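K.L.:
build me a structure from this.
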Amino acid sequence: MKKWLIAGSVVFLLLLFAVYVFIPANLIVSKSVSMKCSVNGTSRFFEDEGNWVKWWPWPSEAGAETGRAASSGQTRGTVTGADANWVGGSGLHYKMVHNAYHAVKVRIGDQDPGIGSTIMLIPLNNNDSVLLHWECNLATGMDPISRIVAYRKGVKIRKDMDGAFSSLRSFLEKDENIYGVKVNEGSSNDTLVMATRAIYPLYPATNEIYAMLKKINAYIVRQGAMETGYPIMNVTHVPDSGYRTMVAIPVNKTLEPEGDIFPKHIVPWKFLIADVTGGEQAVIAAEGQMQNYISDYHRTVMAIHYQTLVTDRSREPDSTKWVTRLFYPVF
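P.N.:
Okay, here's the model as predicted:
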C-alpha cells in the first residue's frame, strides 16, 4: 500500500509539474491566415458590426434565426434585439467592441471585462492580399486548476478562430460580398459609336435617355449602318450645372457627324466590368463601390467610365429587373 501511495504521489507531482511547465501564466492564443482581398476593403467591411452575422459560421446562442453560409454551406446565426452585436462560438460569445485603423478589437466572453483580443489587418503583395492575425492573451492564474481551466478555454478559442477564419476567407474572397458587385477584368467589342450630349438639371429620366437614343438610332438607319451592341451612357454630375449626359450606340462603320450627333472611338483598354441589377439608385451605389475597388487595388482610370444598358428600359417598367453593365478603363 505504501508503494502505491508513493507512486501515486510521484505521478501527482509530475502532473503538477507538467501543468506549470506546459501551461504558462500568460497563454497566448492566436491564428493567422492570408486572404485574396484588399486591406482597405476588409477594414471597411469590419466597420459595420452587422456584417459579422454574414460570415460567422455558427448559430448564435442568443438569436433565433439561422441562415446559410455564402460559400461553405455552414449555418450562421442572425441575432436581433439587445444581443445584436454578439455572435456565438464553442460555448463562448464574441463581440466587436472597437474598430481602429486596420485593427478590430473583439471581446470574448459575456462577462465584463471579458477576454480582450485583436484582429490585425496587414497588407500583403502590394495590397492585393491581406494577412489577418487574431490574438488574445489568457491569464491562467497561479493554481493548477485555474491553469487547466484557462487552457481548455484557450483550446475552444483557437478552435473558434480556425472556423471563423475559414468562413471569413470564403466570404471575403468574393468581390460581391465586399463591394456588392462581382468585378471582372475584360475588354469591350464596342470601339466605334455614334453619340450625342445633353445637360439636365436632375439625373436624366428614362424617357429623356431614350429620346436621345432614338435620335441617334434614326440617324444610323438613314445612313444605312447597323447597331452592333447595347446602348452606352455616361452621366456626370457637374456642380452648378446639373447632370452632363452622353449616350451612344455602337455601329459597324464610320459615319459623318450631323448636328449634335458625332462619331466617337472607344480605345480598347483593359476594363473592370460589373453587372448591376436594379434601378438608378442601385447603379449609382455600384459606381461608388467600383470607385472603392479601384482605390483599394491602386488601379488608375484611363478615361471616362460608362454604362451599357443591357435591358431596354423603355420597354421594361420594373426597374428592379434592369441589368446595367459598368465599364471602367484601367491599367
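K.L.:
can you map out the helices along the chain?
P.N.:
Secondary structure of the chain (DSSP state H): helices at 2-22, 39-46, 52-55, 144-172, 175-179, 206-222, 280-296.
K.L.:
okay, those helices, which one's buried deepest?
P.N.:
Stretch with highest mean neighbour count among these: helix 52-55 (a mean of 21; mean count of other C-beta atoms under 10 Å). Quick note: C-beta positions are derived from backbone N, CA and C, even for glycine.
K.L.:
quick one: mean pLDDT over that helix.
P.N.:
For helix 52-55, mean pLDDT rounds to 86.
K.L.:
which stretches of this protein aren't confidently modelled?
P.N.:
Scanning the chain for pLDDT under 70 picks out the ranges 1-25, 59-91, 110-113, 140-142.
K.L.:
let's see 90
P.N.:
1-28, 46-101, 107-116, 125-128, 138-156, 188-191, 239-241, 254, 266-269, 331 (pLDDT under 90).
K.L.:
hang on, the earlier thing: among the helices of the chain, which is nearest G242?
P.N.:
Set against G242 and scored by C-beta to C-beta, the helices of the chain come closest in helix 206-222, at 11.8 Å.
K.L.:
mind checking how far the closest one is from the chain centre?
P.N.:
Distance of helix 206-222 from the chain centroid (C-alpha atoms, centre = their mean, to the nearest Å) equals 38 Å.
K.L.:
now the helices of the chain in JSON lines, with distance to H305?
P.N.:
Formatted as JSON lines, those follow (distance: least, C-beta to C-beta, whole Å):
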{"stretch": "helix 2-22", "distance to H305": "59"}
{"stretch": "helix 39-46", "distance to H305": "19"}
{"stretch": "helix 52-55", "distance to H305": "28"}
{"stretch": "helix 144-172", "distance to H305": "25"}
{"stretch": "helix 175-179", "distance to H305": "15"}
{"stretch": "helix 206-222", "distance to H305": "17"}
{"stretch": "helix 280-296", "distance to H305": "8"}
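K.L.:
could you list the domains of the protein?
P.N.:
Residue ranges for each domain of the chain read 23-172, 184-330, as given by automatic domain parsing.
K.L.:
let's have the ones you listed in CSV, adding distance to I178.
P.N.:
Compiled in CSV, the domains of the chain are given as follows (distance: least, C-beta to C-beta, whole Å):
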stretch, distance to I178
domain 23-172, 5
domain 184-330, 8
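K.L.:
re earlier: for Y101, find the nearest of the helices of the chain.
P.N.:
Between these, helix 39-46 lies closest to Y101; by C-beta to C-beta that is 7.4 Å.
K.L.:
the inter-axis angle of that closest one versus helix 280-296?
P.N.:
Interaxial angle of helix 39-46 relative to helix 280-296 (axes from the mean of the first three to the mean of the last three C-alpha atoms, to 10 degrees): 130 degrees.
K.L.:
only alpha carbons, please: show helix 39-46 as PDB.
P.N.:
C-alpha atoms of helix 39-46 as PDB (Å, rounded to 0.1, in the frame of the first residue of the first chain):
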ATOM      1  CA  VAL A  39      -6.800  45.500 -46.800                       C
ATOM      2  CA  ASN A  40      -8.900  48.700 -47.100                       C
ATOM      3  CA  GLY A  41     -11.900  46.800 -48.400                       C
ATOM      4  CA  THR A  42     -11.600  44.300 -45.500                       C
ATOM      5  CA  SER A  43     -11.200  47.100 -43.000                       C
ATOM      6  CA  ARG A  44     -14.200  48.900 -44.400                       C
ATOM      7  CA  PHE A  45     -16.200  45.700 -44.200                       C
ATOM      8  CA  PHE A  46     -15.400  45.300 -40.500                       C
END
